[in-house]
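Visitor: please find the sequence and the predicted model below.
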Amino acid sequence: MGKYAVAVTVVLAVGTALPLSAQTSSPREGMYLALGLGVGVTDIEKCANCGSEGTNTSFTGFFRIGGTLSPQWLAAVEVGGWYQSGAGYTASLLTVAAIATFYPLSSGLKINVGMGGVLFREDFAPNDNAANGIIWRVGAGYDISLKEVLSISPFVDLVYGPGLDQKRNRIATVNNMNLVLVQIGVSLVRH
């Protein structure tokens, strides 16, 4: 997990090192929307003694809609996805999560936490593998104001799904799947 901690540290360092003129964030009030795109890296362990299958990197994205609880707290529902395709192989995951966003400073630095569900599927003819269960989310970003109500926000997120129920060729297995997804990208936020 050390490489994931490094990614979060880099985003936090960049966010706090931005010039003061860029630290004026959009006012946070009312409803908000966010659309994010980036790169997602998965690390999947299909059984306790199997070890990891290695990392897979592909495109990721999310859509978030929510409201402002206070200038420092936002709450939202997020739908996210990750997809990879190659020779005879496809893998995808869909997440739905409740997200709380906290702005600890008067600048645009933000911390996201949440929990929800995940559906994972991979096809490698003639076999397929599927899993579902609960996920936990944590991440950080930095809102850089473009207009009064519009910001661009670089982000890094960690999605963790421990003990997901797994099916191989539509038959339940005795093994649970552990899923890690690290997302790095940029989002457009409208407050």
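Guide: On my side now, so go ahead.

Visitor: what are the ranges of the strands in the protein?
Guide: Applying DSSP state E to the chain gives strands spanning 31-45, 52-70, 73-86, 89-102, 109-124, 127-142, 144-147, 150-168, 171-172, 177-190.

Visitor: tell me which residues in the second one are buried?
Guide: In terms of neighbour count (16 or more other C-beta atoms under 10 Å), strand 52-70 has its buried residues at Asn56, Thr60, Gly61, Phe62, Arg64, Gly66, Thr68. The C-beta positions use only the backbone N, C-alpha and C, and glycine is treated the same way.

Visitor: doesn't Gly81 make contact with the second one?
Guide: What it means is Thr60. Yes. Counting by C-beta atoms under 8 Å, Gly81 is a contact partner of Thr60 at 6.8 Å.

Visitor: mean pLDDT lowest for which of the strands of the chain?
Guide: Looking at the strands of the chain, the lowest mean pLDDT belongs to strand 171-172 (a mean of 84).

Visitor: partners of that one, with directions?
Guide: Strand pairing for strand 171-172, determined by DSSP bridges: strand 150-168 (antiparallel).

Visitor: ok, and the closest non-adjacent residue to Leu74?
Guide: The shortest distance from Leu74 to any residue that is not its chain neighbour, by C-beta to C-beta, 6 or more residues apart in numbering, is 4.1 Å, and that residue is Thr101.

Visitor: report the beta-bridge partner residues of that neighbour.
Guide: Leu74, Asn112.

Visitor: residue contacts, it?
Guide: For Thr101, the contact set (C-beta atoms under 8 Å, 6 or more residues apart in numbering) comprises Gly66, Trp73, Leu74, Ala75, Ala76, Lys110, Ile111, Asn112.

Visitor: and the first one, how far from Leu188?
Guide: Applying C-beta to C-beta, to the nearest Å, one obtains 15 Å for the distance of Gly66 from Leu188.

Visitor: all good on my end, thank you.
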